[in-house]
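1. model this:
(one chain, ligands or ions: 2)
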Amino acid sequence: MNPVFADLQTSVFETMSRLAREHGAINLGQGFPDDPGPADIRARGAEALVEGFNQYPPMMGLPALREAVAAHYARHQGLDLDPATEVMVTSGATEALAGALLALIEPGDEVVLFAPLYDAYLPLVRRAGGVPRIVTLRPPAFGLDAASLAVAFGPRTRVVLLNNPLNPSATMFSRADLEMLAGFCRRHDAVAICDEVWEHVVFDGRAHIPLITLPGMRERTVKIGSAGKIFSLTGWKVGFVMAAPPLMRVLAKAHQYLTFTTPPNLQEAVAYGLSKDDAYFAGMRRDFARSRDRLADGLQGLGLTVLPSAATYFLNLDVAPLGVADDAAFCETLVRRHGVAAIPVSAFYAEDPVRNLVRLCFAKSDATIDAALDRLSHLA
Ligand code: PMP
Ligand code: GLN
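-> Ligands and ions are numbered 1, 2, ... in the order given. Predicted coordinates:
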């Protein structure tokens, strides 16, 4: 057995969802909305299944979806992507990440990562033979600094893996941070894998800045998106990879031996969804921002301390004022005794973790948020 995987614990998301089921807790842990998702997109997926979208689609994805992806990113982010050579459909962002890391890393290559880290990153980098060089980001800004980047980058740096907007901090990197990172990538001739699954779930008029649009990054960035997040259909696992043709050719080789294709009825439905007008995306952001405010205001009303949330489905509770020194133990108590599941932010760190933050998912109905607030009312 390979020790990278043999030595791993079960993912914190799965563990917390299981504990939530066992204890009848309200699950604000794993990030998924309790809304069923857009009815017309689900209907298109069901129709396509009956119509006959059931055999292997093309390996790179249905042409209709690749064209819809290129048109979508041209409209929303000003990207100029050739659907025939620069867009590939994957089975979720997770497959895209695994494929990109397997395809781009040679054993011994150094990979710059940023903690808090999405849980799949480190095992995949290690299994691909990469040597992780982790830059630790701290609350409340979770920003970059030149000195830490200078320590992490070196002559063996091959890949940089960035998540922006960042889960679990609910922050977005500033243009200055992204420009600084792009400078390091150019100077070290590194490829950036940019996990932008949260790109549409951004609030208060903020604009997402795709790393691929920065000077010198068009040819050296692998951009990853997910329909699961764009349409709040997290179980669908339809992802997109965008990259210049020389990178895409090798990414496609990894994809062809990982999953080869992605269910065609879901691809057809996502192609339909991507053509939705701006009002849909504005409405989605407005609805999530309203839920964010309902949870944040409610928690503050209980005397609890909440960090700002600029993006994602999450906000973070600062448990230091409650005298809590161990976020993981606190989350255990929360789910067992108070009946609310949450995610300890320390689970996203490999070393020297932040231990005073607890991530809560606000992508829930008003009734669920209110019921959770009721259960948390004795905390402060
Ligand atoms: N990257 C990040 C940062 C995520 O938060 C998630 C899931 N929410 C994923 C990747 C996985 O996306 P998918 O479900 O499309 O595989
Ligand atoms: N991305 C989701 C989260 O951060 C969960 C994904 C998973 O369960 N692996 O909660």
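2. only C-alpha atoms for contact and neighbour calcs from this point on.
-> Will do.
3. show me which residues of this structure sit near ligand 2.
-> 13, 30, 31 (CA under 6 Å from any ligand atom).
4. and of these, the nearest to residue 119?
-> Distance to residue 119, by CA to CA, is smallest for residue 13 among those, at 9.1 Å.
5. got a list of what that closest one touches?
-> Contacts for residue 13 (CA atoms under 8 Å, 6 or more residues apart in numbering) come out as 29, 30, 343.
6. got the phi/psi numbers for the second one?
-> When read as degrees, to the nearest 10, the backbone of residue 30 gives phi -50, psi 140.
7. same question for residue 159.
-> According to degrees, to the nearest 10, the main-chain angles of residue 159 amount to phi -130, psi 150.
8. what about it, neighbour count?
-> 28 (other CA atoms under 10 Å).
9. ok, residue 91 to ligand 2 distance?
-> Distance, residue 91 to ligand 2, by CA to the nearest ligand atom, to the nearest Å: 13 Å.
10. now for that residue: which residues touch it?
-> Residue 91 is in contact with 237, 238, 239, 259, 261, 262, counting by CA under 8 Å, 6+ apart.
11. pLDDT at it, what is it?
-> Looking at residue 91, its pLDDT is 98.
12. which strand or helix spans residue 371?
-> Taking DSSP states H and E as the criterion, residue 371 maps to helix 366-375.
13. report the distance from that helix to the chain centre.
-> Computed by CA atoms, centre = their mean, to the nearest Å, the chain-centroid distance of helix 366-375 equals 25 Å.
14. need the contact partners of it.
-> So helix 366-375 is contacted by 26, 291, 294, 295, 298, 299, 338, 339, 340, 362 (CA under 8 Å, 6+ apart).
15. just the buried ones from the contacts of residue 13, in ChimeraX syntax?
-> Typed into ChimeraX, the line below selects the buried ones among the contacts of residue 13, using 16 or more other CA atoms under 10 Å:
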select :29,30,343
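16. so can I have TSV of the contacts of residue 13 showing distance to ligand 1?
-> Compiled in TSV, the contacts of residue 13 are given as follows (distance: CA to the nearest ligand atom, whole Å):
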residue	distance to ligand 1
29	11
30	8
343	13
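17. residues of the stretch 1-150 of the chain that sit close to ligand 1?
-> Within the stretch 1-150 of the chain, the residues that sit near ligand 1 (CA under 6 Å from any ligand atom) are 92, 93, 94, 118.
18. can you put those residues in a markdown table and add distance to residue 222, secondary structure and neighbour count?
-> Shown next, in a markdown table, are those (distance: CA to CA, whole Å; DSSP: H, G, I helix; E, B strand; the rest coil; neighbours: other CA atoms under 10 Å):
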| residue | distance to residue 222 | secondary structure | neighbour count |
| --- | --- | --- | --- |
| 92 | 15 | helix | 24 |
| 93 | 12 | helix | 24 |
| 94 | 14 | helix | 19 |
| 118 | 17 | coil | 17 |
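19. would JSON lines of the residues of the chain next to ligand 2 with distance to residue 6 and pLDDT be doable?
-> Listed next are those as JSON lines, based on distance: CA to CA, whole Å; pLDDT from 0 to 100:
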{"residue": "13", "distance to residue 6": "18", "pLDDT": "95"}
{"residue": "30", "distance to residue 6": "23", "pLDDT": "95"}
{"residue": "31", "distance to residue 6": "26", "pLDDT": "96"}
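20. of the residues you listed, closest to residue 105?
-> Of the residues of the chain next to ligand 2, the one sitting nearest to residue 105 (CA to CA) turns out to be residue 13, at 27.0 Å.
21. quick check, central residue of the chain?
-> Centroid-nearest residue in the chain: residue 197, 4.6 Å away (criterion: CA atoms, centre = their mean).
22. surely that residue touches residue 223?
-> No. Between residue 197 and residue 223 there is no contact under CA atoms under 8 Å: 9.3 Å.
23. how many neighbouring residues does residue 65 have?
-> By other CA under 10 Å, 26 other residues sit near residue 65.
24. just residue 270 next, same as before
-> 26.
25. A strand includes it, no?
-> No. Under the criterion used here (DSSP: H, G, I helix; E, B strand; the rest coil), residue 270 is helix, not part of a strand.
26. tell me who's in contact with it.
-> By CA under 8 Å, 6+ apart, the contact list for residue 270 reads 41, 65, 227, 238.
27. and if we set it to 6 Å?
-> Contact analysis of residue 270 by CA atoms under 6 Å, 6 or more residues apart in numbering lists nothing.
28. read off the pLDDT value for it.
-> The score at residue 270 is 98. That number is its pLDDT.
29. with residue 12 instead?
-> Looking at residue 12, its pLDDT reads 94.
30. how near is it to ligand 1?
-> Counting by CA to the nearest ligand atom - residue 12 and ligand 1 are separated by 13 Å.
31. residues near that residue, how many?
-> Neighbour tally, residue 12, other CA under 10 Å: 18.
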